[in-house]
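[1] I need the structure of the sequence given here:
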Amino acid sequence: MISTDIKQRIVTALADARRNFDGSDARFAISLDINAAQYNRIKNGELDKILSDQKWIGLARRMAISIDNAPVWKTAETPVFQFINAQLEDCQEQGISSLFCDLSDIGKTYACECYVRTHRNAVYIDCSQAKTKQLLIRAIAREFGLTYSGRYNDVYSELVFYLKTLTRPLIILDEVGDVRHETFLEIKSLWNATRGCCAWYMVGADGLKQRMQRSIDNKIIGFTELFSRFGKRYQCIVAEDKPVERSEMLIITATMIIKANAEAGVNTGKVLRGCMGEDKFPSLRRIYNELTLR
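    Residues are numbered from 1 along each chain as shown. Down below sits the predicted model:
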């Protein structure tokens, strides 16, 4: 059962998100996967028996709100966070596209999710949940508040038209290495249809870089052109051939996150050691557990 206090925190966060959303309340409701009447009622303070607990939980996750008694997680502006934030701002302001491939578990997803919560007309797509071209295009349409059910060609056409009407839209595609070949071709198609009107940021780990390069080397249709549209560079924060620098950067990153979120008196070094993996790199995902389950 979701408490009234948590529901109110979610509604407050939704009000902040609404200010960064171009379009009507009805479209904003679509982006939240609820109907316009439900959004209007919770916006006006009706919290009971309007949404199911499952919907409240989904909204809480979207707004990065904990539904238990855990303290509010504080963002540390780590090197990865600053690097990705700067790249996203450049892409959106200049209407360009970029490809970021780096180690897993360094804070890529967190930085991207934080960005879309504070910037107008920026949307985030987890491609591991939208592997086919249909799922991906419908997911992008929903994030912009467009009708995403019905005939696929209609959804695609409306999305293209709408993107051309927005001021500096940005589409962030995370976990892109998981999608099917046809989906890469559809990304290229949508990029072509919105050229000069929409910025893109493609994010993945080492697997995405390997898949892209292997496909280019094997002359698989579409990949050379897609790579060119995304700047013909695999962006990263520290080069693969500099393991010492990578280790130092990740230790600094983990330490910053621990210090930002640890209670007074917590031994930062001990928490850091508890987060170290067998590869001698700290796991950022384990920091939350180390701090909240102790």
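[2] for the protein, longest helix please?
    Counting by DSSP state H, the longest helix found in the chain is helix 243-261.
[3] ok, residues contacting that helix?
    For helix 243-261, contacts defined as C-beta atoms under 8 Å, 6 or more residues apart in numbering pick out 71, 73-80, 103, 106-107, 237-240, 266, 268, 271-272, 275, 280-282, 284, 287, 290-291. No exception for glycine: its C-beta is placed from N, CA and C like everyone else's.
[4] and if you look at stretch 9-26?
    Stretch 9-26 has contacts (C-beta under 8 Å, 6+ apart) with 27-28, 31-32, 36, 39-40, 42-43, 45, 47, 56, 59-60, 63-65, 117-122, 144-145, 166-167.
[5] Can you list which of those residues are found in helices?
    Those of these mapping onto helices are 27-28, 31, 36, 39-40, 42-43, 56, 59-60, 117-118, per DSSP H.
[6] Most neighbours among the residues you listed, which one?
    When neighbours are counted by other C-beta atoms under 10 Å, residue 42 leads these with 24 neighbours.
[7] contacting residues around residue 231?
    By C-beta under 8 Å, 6+ apart, residue 231 lies in contact with 96-99.
[8] with these in mind, which one is nearest to residue 8?
    Checking the contacts of residue 231 against residue 8 with C-beta to C-beta, the nearest one is residue 98 at 38.0 Å.
[9] Where does the closest one fall, secondary structure wise?
    strand 97-101 (DSSP states H and E).
[10] what do you get for residue 113?
    Secondary structure (DSSP H and E) places residue 113 in helix 108-118.
[11] And that helix, what's buried?
    The neighbour-count check on helix 108-118 (16 or more other C-beta atoms under 10 Å) flags 108-112, 114-116 as buried.
[12] How about stretch 132-150?
    Residues of stretch 132-150 classed as buried: 133-146, 148 (neighbour count, 16+ other C-beta under 10 Å).
[13] cool, stretch 37-51 as well?
    39, 41-42, 47, 50-51.
[14] Quick check: the farthest pair among those residues?
    39 and 47 (12.5 Å).
[15] Report the contact partners of residue 220.
    Residue 220 sits next to residue 181 when contact means C-beta under 8 Å, 6+ apart.
[16] again, 6 Å this time
    Taking C-beta atoms under 6 Å, 6 or more residues apart in numbering as the definition of contact, residue 220 has no neighbours.
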